[in-house]
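1. Sequence first, then the predicted structure:
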Amino acid sequence: MSWTDERVETLKKMWGEGQSASQIAKELGGVTRNAVIGKVHRLGLSNRAGSGGSAAKAAPKEKPAAAAKAPAKPKPAPKAAAPAPEKKEEPELDENGIPISAARRAIIPAGQPLPPQPSANEISPEALAKVNEVEKSAKKLTLMELTEKTCKWPVGDPATDDFWFCGLAVQQGKPYCEAHVGVAFQPMSSRRDRRR
């Protein structure tokens, strides 16, 4: 189906009368409702708000005439200079031109001091001794070697080559081996007792 001049005129006439796109498509035949809507947009025909029929067609004709008869409104006095719109800060970009998110910004770069870690006096001496013994026999896995069954306790500074994960068998339902669970998951009462 091609849009002949005759079909376009029929479309314009029916659209101006307030007919729906479905009704126009049915009248034209061989064209879908969406094709009618697309043609209306390409032709730049006005959107019809609310009422249909001849009232919608007559209203636009009256407005220009009424506007011509109305006296010209005086121009308002110039206002004081409006404040310049706030500029949004350009996001910080990494070396590849990718915006750096707050999470990436929070990552500590290599060579920088780590945030304060739990002090040794907050962890029981027995748990520390057990961790020291376990870490001597750890498998020292890389991130890519971890599985659901390997301890994911990180050891060392991630920015160095000496960084590794424990890798021993995990305790049921936990991400760490028995020794590291003893350090990571401490009962609430024992933590309260040490603070006093």
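-> Received the coordinates, thanks. Because the structure is predicted, anything quoted here is derived from the model rather than measured.

2. Identify the residues contacting residue 126.
-> Listed by Cβ atoms under 8 Å, 6 or more residues apart in numbering, the contact partners of residue 126 are residue 182. To be clear about C-beta, it is placed using only N, CA and C from the backbone, and glycine gets the same treatment.

3. what's the distance between it and residue 133?
-> Counting by Cβ to Cβ, to the nearest Å, the separation of residue 126 from residue 133 is 11 Å.

4. And what about residue 46, helix, strand or coil?
-> Per DSSP: H, G, I helix; E, B strand; the rest coil, the local secondary structure of residue 46 is coil.

5. Where does the closest residue to residue 141 other than its chain neighbours fall, secondary structure wise?
-> Once flanking residues are discounted, residue 141 sits nearest to residue 167: 3.7 Å by Cβ to Cβ, 6 or more residues apart in numbering. No secondary structure element spans residue 167, as it lies outside all helices and strands (assigned by DSSP states H and E).

6. Residue 167 and residue 143 touch, don't they?
-> No: the pair formed by residue 167 and residue 143 falls short of the contact definition of Cβ atoms under 8 Å, at 10.9 Å.

7. Pop the domain breakdown of the chain in here.
-> Recorded structural domains for the chain (assignment: automatic domain parsing) are 5-64, 122-195.

8. can you list these in CSV and add distance to residue 90?
-> Shown next, in CSV, are the domains of the chain (distance: least, Cβ to Cβ, whole Å):
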stretch, distance to residue 90
domain 5-64, 36
domain 122-195, 27
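
9. Going by mean pLDDT, which of the ones you listed comes out lowest?
-> Least confident of the domains of the chain, judged by mean pLDDT, is domain 5-64 with a mean of 78.

10. coming back round to it: of the domains of the chain, which approaches residue 98 most closely?
-> Ranking these by distance to residue 98, with Cβ to Cβ as the measure, places domain 122-195 first at 19.7 Å.
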